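Novice: Test case, fold it:
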Amino acid sequence: MKKFVLSKVDQAQVNYSISYRDLLNEAQLEAVMHKSGPALVVAGAGTGKTRTLVYRVARLVESGIDPPEILLLTFTRRASQEMLQRASQILDERCKRIEGGTFHHYCSKLLHIYASVIGYPDNFTIMDVSDAMDAVQMVRSRSGFAGNKQRFPKKSTLFSIFSTSVNKQKSVQEVIEDQYPQFISQSGAIEKIFDEYRIYKEANFVMDFDDLLVKTRDLLSENEDVRLKIASKNRHVLVDEYQDTNLLQTELIKLFSSVHKNVMAVGDDAQSIYSFRGADHKNMLRFPSEFEGTSVIKLEENFRSTQRILDVANRVLEEAKEKFEKKLFTNNAEGDLPGLVKAANMNDQSRFITQMIFNLREQGRELNDIAVLFRNGRDSFDLEVMLNQKNIPYIKYGGQKFTEAAHVKDVLAHLRVLLNPKDTISWNRVLMLIDGIGPKTAEDLFIWGQGSAGNPYSPHSAPHASEKYLLQLKALSTLFQKLKKLDGSVTEQLREVVEYYSVFCKKRFDDHPKRMKDLETFVDISGKFISLEKLIEEVALDPIEATAIETEASQKDEPPLILSTIHSAKGLEWRTVFLIQCLDGILPSGYAIEDEEQMDEEVRLLYVAVTRAKEQLFLTYPALFQSRYGDYFSNPSRFIKDISEKLLEPWLLVEEPEQEKLESGNKNNTKALNA
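Specialist: Below you'll find the model as predicted:
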């Protein structure tokens, strides 16, 4: 046999069509042109992280790498799609052939391909968090451990314990001892429920989000041929937002890249704010030791904010104990000093913000160029009342997702059981919509449907079906017959379910017209899904935002002001940002004060909020805080109270009639409040 040796492509001799050196700064260029081996790109806020990844993708393709051999992992499907779209625009359509998506999407794809290897059918279904909690509750109820003798964890707590155990690679016992010591005496019962929950999922061919990661890791770890096949294909692995990964995802990255070992992780340890989802910012700090021979590249030139805003951000970050050292700088204008606004109470805080919004609007600023950020959704309630009084349109982010709403989950449950008749939780939801059917009857009908004599899609045929709900069961059976005939038409199947469900919607909800409008919109946008399986999977892995649905059809007014939690604002930017309720006990949270690691995350949360602002930044707080437990004098956040006035300028709010008395001799900014 003759051999022919293929020489490697010399990157220095590649004739690139893109002038990378002219389009990127030195640090970005270093990342984009990195040759091989692991690299960690520490990208400060606003330093062009996405731009760097986009050009990295284009450069790899230009270098001759076959696009499907590049794996781009992001934390939202939208992020990967936008990156590949941008790469295609600066290079060509080849970039769209890159393997891109979230960890969960990619793992789901692999598990569907290799389902038989792990003992699952390829039509297994994925439970979202809400469905997973319902499954935990069902196992909890059957266990007999919950009762009146002593407090037992609720389903949400149990699910959190189980998910933390998986993502942090700790035993259930360790998680309880670390985070839920009040339940130590019941740890044996909790572990038993965890085991039963796992058995339930395997018996019913369903997986929760954590299973997608665990089973993919096990698939690759335990099947050498599968690992080699997948890792050989992944010549380059790019990971976005690496600060939001957990230990399990690090294991997966090692497996995905185990042949070629070309991994580039991009992120900002200072923006790791999702520990409640299992993210571990130390993952990023450990990267150089986890991946031998790592090149560390720092992006510190900020293209978003003025230098004075960055000075505050750099000062805030000094409070963090564990971090990569970096200092943001910019060539942008110096800009106005950020303001520290002390209001007498929450009402004055809201008055200040609404008046400033009116002033900015009169200066030509669009409302959607302005954002009000806060720690918790409830922190904006007082402001929302005043915005409504002043007729200022706004949109709020950080609440419930569209696909988490009860009416949408009811509709989706019908489609889920059509795909997987073993999905107990979805069957319970479908059957208990019917008058007269409770948990016990629903379970009996499900068991009959799974038996040799039963048919899950003809529940009216069950011998124990009562006359009082027989007609409704017949209607349900008829619905499933229609859905099967419409196989292949996602929109028509969804439309049939919505029409069937409309009767239940009117009975269950006082605001049923709005909910039906939601469902009609859902039908309208369902055409983008190529199959029912894809629709179910996509809305589970990448839920639709409630606000996106509501605003899409109603552009009757000017683009609205943005209200958002800090967590939901990550990755976004506005010309003017107000951060409200900057109080000790809120930012940082009172729950974090005794824990050094949590306090570090609170610092990072403030850093994320500050770096959303491009031109103007206001940090506000009320001296008197009103809550349902009463009013009390508050303290400004410990993270900002010692910041020099040279960086953060105090603003004084005064009532309009008193303004003249205070004008002379006062060096601080003053802002007159009218009614």
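Novice: Next, count neighbours for the closest residue to residue 23 other than its chain neighbours.
Specialist: Closest residue in space to residue 23, ignoring its immediate chain neighbours: residue 55 at 7.1 Å, by Cβ to Cβ, 6 or more residues apart in numbering. In short, each C-beta sits where N, CA and C put it, glycine included. For residue 55, the number of neighbouring residues by other Cβ atoms under 10 Å comes to 25.
Novice: can you check residue 30 too?
Specialist: Applying other Cβ under 10 Å, we find 17 residues neighbouring residue 30.
Novice: Once you drop chain neighbours, what's closest to it?
Specialist: residue 297 (5.3 Å).
Novice: quick one, strands of the stretch 451-600 of the chain?
Specialist: 561-565, 574-579 (DSSP state E, counting those that start in this stretch).
Novice: Provide a list of residues in contact with residue 641.
Specialist: By Cβ atoms under 8 Å, 6 or more residues apart in numbering, the residues touching residue 641 are residue 635.
Novice: Tell me the pLDDT of it.
Specialist: Here the pLDDT value assigned to residue 641 is 84.
Novice: Against residue 594, how distant is it?
Specialist: Noted for residue 641: a distance of 19 Å to residue 594, by Cβ to Cβ, to the nearest Å.
Novice: Which residues does the helix or strand encompassing residue 229 contact?
Specialist: According to DSSP states H and E, residue 229 maps onto helix 224-233. Applying Cβ under 8 Å, 6+ apart, the external contacts of helix 224-233 come out as 68-69, 110, 114, 117, 219-221, 255-260.
Novice: Of those, which belong to helices?
Specialist: The helices, defined by DSSP state H, take in 110, 219, 220, 221, 255, 256 from the contacts of helix 224-233.
Novice: Among these, name the buried ones.
Specialist: 110, 219, 220, 255, 256 (16 or more other Cβ atoms under 10 Å).
Novice: And the third one, how close does it get to residue 281?
Specialist: Same thing as residue 220. 25 Å.
Novice: repeat for residue 512
Specialist: Distance from residue 512 to residue 281, by Cβ to Cβ: 44 Å.
Novice: more neighbours, those two?
Specialist: residue 281 (27 against 16).
Novice: Apart from its chain neighbours, what residue comes closest to that one?
Specialist: Closest residue in space to residue 281, ignoring its immediate chain neighbours: residue 272 at 3.3 Å, by Cβ to Cβ, 6+ apart.
Novice: Kindly provide the distance from residue 239 to residue 78.
Specialist: 17 Å.
Novice: higher neighbour count, these two?
Specialist: residue 239 (28 against 11).
Novice: which stretches of the stretch 551-675 of the chain have low pLDDT?
Specialist: 551-557, 626-632, 657-675 (pLDDT under 70).
Novice: orientation of the strand or helix carrying residue 371 relative to strand 561-565 in degrees?
Specialist: Assigned by DSSP H and E, residue 371 belongs to strand 370-374. Strand 370-374 runs at 20 degrees relative to strand 561-565, counting by axes from the mean of the first three to the mean of the last three Cα atoms, to 10 degrees.
Novice: which element follows strand 370-374 toward the C-terminus?
Specialist: helix 381-389.
Novice: Extract the C-alpha trace of that next one and format it as CSV.
Specialist: Presented in CSV, the C-alpha positions along helix 381-389 are these (Å, rounded to 0.1, in the frame of the first residue of the first chain):
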residue,chain,number,x,y,z
PHE,A,381,-43.6,47.9,41.7
ASP,A,382,-43.7,51.5,43.0
LEU,A,383,-42.1,52.8,39.8
GLU,A,384,-44.5,50.8,37.6
VAL,A,385,-47.5,52.5,39.3
MET,A,386,-46.0,56.0,38.6
LEU,A,387,-45.1,55.1,35.0
ASN,A,388,-48.8,54.1,34.5
GLN,A,389,-50.0,57.3,36.0
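Novice: For it, name the packing helices and strands.
Specialist: helix 346-362, strand 394-397, strand 561-565 (3 or more Cβ pairs under 8 Å, 6 or more residues apart in numbering; DSSP states H and E).
Novice: Would you mind giving the strands of the stretch 451-600 of the chain as TSV with mean neighbour count and distance to residue 443 added?
Specialist: Listed next are the strands of the stretch 451-600 of the chain as TSV, based on neighbours: other Cβ atoms under 10 Å; distance: least, Cβ to Cβ, whole Å:
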stretch	mean neighbour count	distance to residue 443
strand 561-565	24	38
strand 574-579	23	49
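Novice: now those strands in JSON lines, with distance to residue 302?
Specialist: Shown next, in JSON lines, are the strands of the stretch 451-600 of the chain (distance: least, Cβ to Cβ, whole Å):
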{"stretch": "strand 561-565", "distance to residue 302": "21"}
{"stretch": "strand 574-579", "distance to residue 302": "15"}
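Novice: Tell me which of these sits nearest to residue 183.
Specialist: Proximity to residue 183 (Cβ to Cβ) singles out strand 561-565 among those, at 28.3 Å.
Novice: Can you check what angle separates that closest one from helix 346-362?
Specialist: Using the same axes, to 10 degrees: strand 561-565 against helix 346-362 is 140 degrees.
Novice: chain center to strand 561-565, what's the gap?
Specialist: Chain-centre distance of strand 561-565: 16 Å, with Cα atoms, centre = their mean, to the nearest Å.
Novice: got a list of contacts for it?
Specialist: 357, 367-368, 370-377, 380, 383-384, 387, 392-398, 572, 574.
Novice: circling back to that earlier point, for the helices and strands packed on helix 381-389, which one ends up most surrounded?
Specialist: strand 561-565 (a mean of 24; mean count of other Cβ atoms under 10 Å).
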